[in-house]
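Trainee: using only what follows, build the 3D model:
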Amino acid sequence: MNAIPVINLINKPCNSQFEDRDWEILSQHWYPVARIEDVSTQPQQVTLLDVKMALYKTESGDIHLVRDICPHRGVPLTKGWVEGEEIVCPYHGLRYNAAGKCTKIPAQPELTKISDRFRLSKFPVVQKYGLIWTSIQNHDVESAHFPVLDTWEDPAHQAILPPYVDIAGSSGRQLEGFIDVAHFAWVHHEAFASRENPVVPKYSTIKTDYGLQTEYVSDVSNYPHGLQHLAPEGFLWKRVFDVYPPFSAILTVHFPHDGILKILNACCPISHNKTRLFVPLTRNFDTTGDLQAVYDFNAQIFAEDQDMVEAQKPEELPLDLMMEAHFEADRSSTMYRRILADLGLSKRYTV
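Mentor: This next block holds a predicted model:
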């Protein structure tokens, strides 16, 4: 885990559709905003909770994340460039160092003491699971809580990071869909499940110190339809969901012959009803297999889910359990909603 110090706290952007209290609560948590491999010396814009940020790497390889605005005249720093260890604003050439301090105003080269008003708002950077994680308001890296993907650096497991997925839907709806086992037969029947096998056996869900855990055992294979013959006859598939509110969860699938697949579903709530989904995964089988096949299968699954999430009404995840009907197989979903409500998020909930 690598981190850099930060300064300045941020207010909710004026164009944000989040309710004030919801935004304040969510801004205290940590989220992924980009893949490490996508960061370069060309500043790129990423957005978290409607806050636009400039993400860039200096020539030494250090990664920085700042508010995407020059405090002088409000030009996005992502229109600028990196020189050495500094980012340069393209409007008047102001230069900012790793601490966010302005080191030079070219129009006044004789100025040696530059006001702190010319200082960038910085955000913490933590590199984990191939991703860049940050928080808008919580800059205490040591106390940060992240999902635990304990196999990511295990040499016995292959670590894979597919492309991210942009979803025109809320992070709450997306995460809830990820832990929903009753939709397998209906949404993923072309990938791995079957509409001829829709029954959800009873399963257990418990509240944990980090969120919740669900253990689900069924005869629904996790192999793609073309590989279903690889499962021994009568094999029961155990799936364990560990949910880390507000918007991360890990699915552990137990394959035949002690195979373990772990999938991290990590949402970046870009905005009200806009999500960037990152899906690091690991496996201890078929480790020399075709990665493109993994990417393709992963893309198929999340495209099928995306179609549902983007169509749901209301777009927000209702935390008032009386707003939607529930059946027994929804026990993970209802506990997840209760936990979000316990965080203090509004019953209307606008994410």
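Trainee: going forward, measure contacts and count neighbours with C-alpha atoms only.
Mentor: OK.
Trainee: tell me the SS of R276?
Mentor: Recorded secondary structure, R276: strand (DSSP: H, G, I helix; E, B strand; the rest coil).
Trainee: what about the closest residue to it other than its chain neighbours, how many residues nearby?
Mentor: The shortest distance from R276 to any non-neighbouring residue, by C-alpha to C-alpha, 6 or more residues apart in numbering, is to D166 (4.5 Å). D166 is flanked by 16 other residues according to other C-alpha atoms under 10 Å.
Trainee: and D166, which of the three is it?
Mentor: Under three-state DSSP, D166 falls in the strand class.
Trainee: A182: what's it in contact with?
Mentor: A182 sits next to P198, V199, V200, A329, D330 when contact means C-alpha atoms under 8 Å, 6 or more residues apart in numbering.
Trainee: circling back: list the contacts of the residue nearest to R276.
Mentor: By C-alpha under 8 Å, 6+ apart, the residues touching D166 are K274, T275, R276, L277.
Trainee: could you dump the residues you listed to TSV with neighbour count?
Mentor: Conversion of the contacts of D166 to TSV gives the following (neighbours: other C-alpha atoms under 10 Å):
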residue	neighbour count
K274	21
T275	26
R276	24
L277	27
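Trainee: just the closest of those to L77, please.
Mentor: In terms of C-alpha to C-alpha, no member of the contacts of D166 lies closer to L77 than R276, at 21.8 Å.
Trainee: secondary structure class of E304, three-state.
Mentor: Applying three-state DSSP: E304 is helix.
Trainee: that one - how many residues pack around it?
Mentor: That count, for E304 with other C-alpha under 10 Å as the rule, works out to 15.
Trainee: phi, psi of the spatially closest residue to it that is not a sequence neighbour?
Mentor: Of all residues not flanking E304 in the chain, V187 sits nearest, at 6.2 Å (C-alpha to C-alpha, 6+ apart). Torsion angles at V187 (phi, psi; degrees, to the nearest 10) stand at phi -100, psi -30.
Trainee: same deal with Y223?
Mentor: The phi and psi values for Y223, taken as degrees, to the nearest 10, are phi -70, psi 150.
Trainee: spit out the contact partners of it.
Mentor: Taking C-alpha under 8 Å, 6+ apart, one finds F192, L230, A231 in contact with Y223.
Trainee: tell me the secondary structure for E142?
Mentor: Here E142 is helix, with the state taken from three-state DSSP.
Trainee: can you give me the helices in the chain?
Mentor: Assigned by DSSP state H, the helices in the chain fall at 20-26, 171-178, 184-187, 291-309, 331-342.
Trainee: circling back: dump the contacts of A182 into CSV; add distance to L321 and neighbour count as well.
Mentor: Converted to CSV, these look like this (distance: C-alpha to C-alpha, whole Å; neighbours: other C-alpha atoms under 10 Å):
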residue, distance to L321, neighbour count
P198, 24, 16
V199, 23, 14
V200, 21, 18
A329, 15, 18
D330, 11, 16
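Trainee: now, those residues that are in strands?
Mentor: Using DSSP state E, the subset of those located in strands is empty.
Trainee: what are the structural domain limits within the protein?
Mentor: What the TED database lists as the domains of the chain is 37-143, 158-343.
Trainee: that older thread, now which of the contacts of Y223 would you call buried?
Mentor: Listed as buried from these are F192, A231; burial here means 16 or more other C-alpha atoms under 10 Å.
Trainee: redo the contacts of Y223 as JSON lines? Include distance to R35 and pLDDT.
Mentor: Converted to JSON lines, these look like this (distance: C-alpha to C-alpha, whole Å; pLDDT from 0 to 100):
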{"residue": "F192", "distance to R35": "28", "pLDDT": "95"}
{"residue": "L230", "distance to R35": "33", "pLDDT": "92"}
{"residue": "A231", "distance to R35": "33", "pLDDT": "92"}
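Trainee: ok, back up a step: from the contacts of D166, which is closest to A99?
Mentor: R276 (27.8 Å).
Trainee: test my guess that the closest one contacts Y164.
Mentor: Yes. R276 lies in contact with Y164 (C-alpha atoms under 8 Å); the separation is 6.7 Å.
Trainee: any idea which of the helices of the chain is most buried?
Mentor: Greatest average neighbour count among the helices of the chain goes to helix 171-178 (a mean of 24), per mean count of other C-alpha atoms under 10 Å.
Trainee: avg pLDDT for it?
Mentor: For helix 171-178, mean pLDDT is 97.
Trainee: sketch out the low-pLDDT regions of the protein for me.
Mentor: Along the chain, segments meeting pLDDT under 70 span 1-9, 348-351.
Trainee: let's see 90
Mentor: The model of the chain has pLDDT under 90 over residues 1-10, 110-112, 142-143, 288-290, 316, 346-351.
Trainee: which single strand of it contains the most residues?
Mentor: When the chain is parsed with DSSP E, its longest strand is strand 259-271.
Trainee: what's the offset of that one from the middle of its chain?
Mentor: 6 Å (C-alpha atoms, centre = their mean, to the nearest Å).
Trainee: with stretch 63-70 instead?
Mentor: Centroid separation for stretch 63-70 versus its chain: 19 Å, with C-alpha atoms, centre = their mean.
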